[in-house]
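Novice: Take a look and give me a structure for this.
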Amino acid sequence: RRGIRRHMGAHLLFLSSLVLLVSAFTASLSELISYFLIYRTPQYKHLKGEVERLQNKIDKIRDGMGSSSGSQLPRQRQIESLEQQLTEANKNMQLVKVKSFFAVGLCMFILLGLFNQLFEGIVVAKLPFVPLKLFRGIAHRNLSGDDWTDCSMTFIYFLASMVFRQNLQQYFGFAPPKPAFGQSPFDAPNR
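Specialist: Residues are numbered from 1 along each chain as shown. Here you go, the predicted model:
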C-alpha cells in the first residue's frame, strides 16, 4: 500500500508541476503579447509618464500641506484638480490596454481549450480540504466522481496564472500604478 501511495504522490507531483509550467508559459506568452501591443508603444509610454508625473505632484503637495501653517484651501483645490487629471490619465491608459486584452484573451482561450482536452478527466492534485461550494465547480472541473478533494488542471492553472502574471508585470515594471489616496474603494473615508 505504501508503494502505491508513493507512486500516486509522485504522479500527482509530476502532473501538478506540469500544470505550473504550462501556467508559467502562458503567463509569459500573454505578457509578451502585451509588451508588443501595449508597453512599447509611444502612446502608452507618454501616458505612463503623465500618470507618474501627476502622482509625484500630488505627493509633493500633500507632503507640504502638513508642514505649512498657511491656508489649506488653495492646496486642497490644487490636489483635487490634479487628482481629476490623474483619473483621466489612468482612464486613457486603460483604453490603450484594451486592444491587447482581446488578443491575450483569444490566445488564452485557445490554449486553455487545448490544455483542458489534454488533462480531461485527470486528477492533477489532491486538496487537503474540501473547497467552498463556490469553487467546487472549477476545482473539480472535468473530473468524474464525488471526491471534492480531487483537483483538476483548471483550478491550479488559474491560480498559478494569476500569480505568475502579476509577478512578471512587477518584475518588468508593467504593473499598473497604485491609485492615489481616495481613488480606491478600499481607502479610508475622509472626515
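Novice: Where in this protein is the helix or strand with the lowest mean pLDDT?
Specialist: One helix or strand of the chain scores below all others by mean pLDDT, DSSP states H and E: helix 2-34, with a mean of 82.
Novice: Just the buried residues of it, please?
Specialist: 12, 15-16, 18-20, 22-24, 26-27, 30-31, 33-34 (16 or more other C-beta atoms under 10 Å). Using the backbone N, CA and C atoms, a C-beta is placed for each residue, glycine as well.
Novice: The helix or strand just after that helix - contacts with which helices or strands?
Specialist: Where DSSP states H and E defines the elements, the next helix or strand beyond helix 2-34 is helix 42-67. Here helix 42-67 touches helix 73-118, going by 3 or more C-beta pairs under 8 Å, 6 or more residues apart in numbering; DSSP states H and E.
Novice: what packs against the next helix or strand after the helix it packs on?
Specialist: Of the helices and strands lying after helix 73-118 in sequence (DSSP H and E), the nearest is strand 125-126. In terms of contacts (3+ C-beta pairs under 8 Å, 6+ apart), strand 125-126 is packed against helix 2-34, strand 150-151.
Novice: Give me the sheet partners of the last one and which way each runs.
Specialist: For strand 150-151, the pairing partners within the sheet under DSSP bridges are strand 125-126 (antiparallel).
Novice: if we can go back for a sec, what separates the least confident helix or strand of the chain from the chain centre, distance-wise?
Specialist: 20 Å (C-alpha atoms, centre = their mean, to the nearest Å).
Novice: how far off helix 73-118 does that helix point, in degrees?
Specialist: For helix 2-34 against helix 73-118, the angle by axes from the mean of the first three to the mean of the last three C-alpha atoms, to 10 degrees is 130 degrees.
Novice: for stretch 36-43, the distance to its chain's centre please.
Specialist: On C-alpha atoms, centre = their mean, the centre of stretch 36-43 falls 19 Å from that of its chain.
Novice: Give me the pLDDT for residue 177.
Specialist: With respect to pLDDT, residue 177 scores 58.
Novice: now residue 188
Specialist: Residue 188 is given a pLDDT of 49.
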